[in-house]
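# just the structure for this:
(one chain, ligands or ions: 1)
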Amino acid sequence: MSYDPQNIFARIIAELIPCNKVYEDANTLAFYDIAPKAPVHILVVPKGPYMDFEDYVAHAPAQEISGFFQTVSKLAQELGIAESGYRLITNKGEHSGQEVPHFHVHLLGGAPLPLW
Ligand code: AMP
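Now for the predicted structure:
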């Protein structure tokens, strides 16, 4: 399987469709999930063409990966959920139910989250 450059997050990154942006830098975009599952539910997305976590870890430069997760942490603090707690989720592949084939991390918090 190869990266689909027409996937919805690629089109958001290319500014072909809008998003409710929280943060942007050269490598990363973060925006609110359109169907939130918690009071705070954002998606943190690297701008590069990575299909999923496996692809990202295998092919992104180590410095970019490190910066990405530092950004996730910074956003949790800025959104006021670092102390109360939050959940990070990344879906990979069919069994996970991954809908969008562009690597992203869900950052959820703002209230006690249901257990599985
Ligand atoms: P996943 O199953 O991990 O691929 O999750 C994809 C997520 O993207 C879901 O939580 C969707 O609600 C969300 N989503 C899909 N389209 C958009 C969009 N245009 N803007 C914001 N979030 C979206």
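# what residues are up against Gly48?
Residues in contact with Gly48 (C-beta atoms under 8 Å, 6 or more residues apart in numbering) are 27, 56, 60, 64. The way it works is simple: take the backbone N, C-alpha and C, and place the C-beta from them, glycine included.
# which members of these are the farthest-apart pair?
By the measure C-beta to C-beta, those have their two most distant members at Asn27 and Tyr56, which lie 11.4 Å apart.
# need the overlap of contacts for these two.
Counting by C-beta under 8 Å, 6+ apart, the residues touching both Asn27 and Tyr56 are 46, 48.
# of the two, who's got more company?
Higher neighbour count among Asn27 and Tyr56: Tyr56, with 21 against 17, using other C-beta atoms under 10 Å.
# quick check: the more buried one is in a helix.
Yes. Counting by DSSP: H, G, I helix; E, B strand; the rest coil, Tyr56 falls inside a helix.
# for Val105, see how far away it is.
According to C-beta to C-beta, to the nearest Å, Tyr56 stands 10 Å off from Val105.
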